[in-house]
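Peer 1: Could you look at this predicted model? Sequence included:
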Amino acid sequence: MKDCCTLQYSENRINILVVDDDPDIVSILKLGLIRQGFNPVTFTDPNLALEHFGSNHKNYGDLRY
């Protein structure tokens, strides 16, 4: 399985970064988010996710709880 499954950006969809070491969890979350109209960008390697986010942080909003 590739560590980054989706790198397509759409102005009509909100990008969500999904990181988990379990590929099955990533796949389930990815499918659910796509069905809800989001654009999930998925990783199973946290280092690659951080590298991706560092280079593409403007493609993501800031979500805080």
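Peer 2: Nice, I can see it. Numbers count the residues shown, from 1 in each chain.
Peer 1: what about Thr42, which SS state?
Peer 2: Three-state assignment for Thr42 (DSSP: H, G, I helix; E, B strand; the rest coil): strand.
Peer 1: Was I right to think it contacts Lys30?
Peer 2: Yes. Using CB atoms under 8 Å, Thr42 is in contact with Lys30, at 5.2 Å. To be clear about C-beta, it is placed using only N, CA and C from the backbone, and glycine gets the same treatment.
Peer 1: which regions of this structure sit below the pLDDT cut-off?
Peer 2: Scanning the chain with the threshold set as pLDDT under 70 gives 1-11, 63-65.
Peer 1: Go ahead and flag the most central residue of this structure.
Peer 2: Nearest to the mean C-alpha position of the chain, by CA atoms, centre = their mean, lies Val41 at 2.3 Å.
Peer 1: For Arg13, see how far away that one is.
Peer 2: Separation of Val41 from Arg13 (CB to CB, to the nearest Å) stands at 11 Å.
Peer 1: now the helices for the protein?
Peer 2: Using DSSP state H, the helices of the chain run over residues 23-35, 46-56.
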